[in-house]
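# pasting the structure only:
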DNA sequence: CGGAATCCTAAGAGATACTG
DNA sequence: CAGTATCTCTTAGGATTCCG
């Protein structure tokens, strides 16, 4: 059976969707620097509600991307750490992050140009996007 | 000014969010094989409502990732094509897609194991995730 | 400290029908 | 053909409060 990301039910596609989660990439990115505790992640990842962070972590744990280790102490201590599978995400994820960082200016400029033009794309006289014919 | 994906207002972060869109990666992946027309994309990308596909394409056009070229003909013909910026996404995106495809089995197995265990992660006797102390 | 339980909404996503 | 116009709906995401 060949993997096919265009098939909504293909596992590869579901993983692609996972990466699309708002916090997944950020969490993995952080964990690449080493194991982190819950509130540690919370603080660095930005403004994320505990519920949301928990959900994200659970999903990634379920997918085998990271492990959750709870120490039976008071106060509690829970450490999240990437598995080998999770670490194998390093290259793809850093690649995306690097791309985003490297192309900020180009993208910002493009947005400015787009927003500052004759607005909506119409085939009519306006010649919005680009016209040929 | 240093790019910082952890900052919600950083342009790099906004682009990361864009990649998180449900259809963005799929659309770019298709356009890497060459220019496509609207319904062409619709058919291959899977079950996507025209409204949604339009929104996705508009966002990517605004970001300078692709161009929209409308030919003033009857019937209309509109071609979408990656810009150099869009093409520069090839490596990162293929990297992610390849990762997803290559690790299907590992992930599927991990999910099975997770779902089949003593369920919820509790610090209590259950020893859900993993316990130390 | 690390969540779980609740409640809420904003927006992406989808289905349908219609038009230049 | 390539959209636009509506309307509905699901759900990721978020704010808050409480608990072991």
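Right, received. Where do you want to start? Quick caveat, the model's predicted, so the values are computed rather than measured.
# how far away is residue A:8 from residue B:26?
According to Cβ to Cβ, to the nearest Å, residue A:8 stands 10 Å off from residue B:26. Just so you know, the C-beta spots here come from the backbone N, C-alpha and C atoms, and that holds for glycine as well.
# Find the residues that touch each one of these two.
With contacts taken as Cβ atoms under 8 Å, 6 or more residues apart in numbering or on different chains, residue A:8 and residue B:26 have residue B:46 as neighbours in common.
# So which of those two has more stuff around it?
When neighbours are counted by other Cβ atoms under 10 Å in any protein chain shown, residue B:26 comes out ahead of the other of residue A:8 and residue B:26, with 22 against 12.
# hmm, the helix or strand that contains the more buried one in reach of chain A?
Under DSSP states H and E, the secondary-structure element containing residue B:26 is helix B:24-31. Yes: contact between helix B:24-31 and chain A is present through B:25, B:26, B:29 (criterion: Cβ under 8 Å from any Cβ of the partner chain).
# Could you pick out the residues of chain A near DNA strand D for me?
Proximity of chain A to DNA strand D is assessed by Cβ under 7 Å from any atom of the strand, with A:21-23, A:47-52, A:55-56, A:75-76, A:120-121 identified as the residues in range.
# Sort out which of these are buried, if you could.
A residue is treated as buried here by neighbour count (16 or more other Cβ atoms under 10 Å in any protein chain shown); on that basis the buried members of the residues of chain A next to DNA strand D are A:21, A:23, A:48, A:56, A:121.
# mind listing the helices for chain A?
Remark: helices assigned in chain A by DSSP state H are A:11-19, A:24-31, A:38-45, A:50-62, A:84-87, A:90-102, A:104-115.
# closest to residue B:113 out of the ones you listed?
Counting by Cβ to Cβ, residue B:113 lies closest to helix A:50-62 out of those; the figure is 9.0 Å.
# ok, residue A:28 - how many residues close by?
Other residues lying near residue A:28 total 23 when counted by other Cβ under 10 Å.
# Likewise for residue A:46?
14.
# could you dump the helices of chain A to a markdown table with mean pLDDT and distance to chain B?
What follows is those, written out as a markdown table (pLDDT from 0 to 100; distance: least, Cβ to the nearest Cβ, whole Å):
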| stretch | mean pLDDT | distance to chain B |
| --- | --- | --- |
| helix A:11-19 | 88 | 4 |
| helix A:24-31 | 95 | 6 |
| helix A:38-45 | 95 | 6 |
| helix A:50-62 | 96 | 4 |
| helix A:84-87 | 97 | 6 |
| helix A:90-102 | 93 | 4 |
| helix A:104-115 | 93 | 3 |
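# which among the residues of chain A next to DNA strand D gets closest to residue A:114?
residue A:121 (9.9 Å).
# Find the nearest non-adjacent residue to the closest residue to DNA strand D within chain A, please.
Checking chain A residue by residue against DNA strand D with Cβ to the nearest atom of the strand singles out residue A:22 as nearest, at 3.0 Å. What sits nearest to residue A:22 in space, not counting adjacent residues and going by Cβ to Cβ, 6 or more residues apart in numbering or on different chains, is residue B:20, at 6.3 Å.
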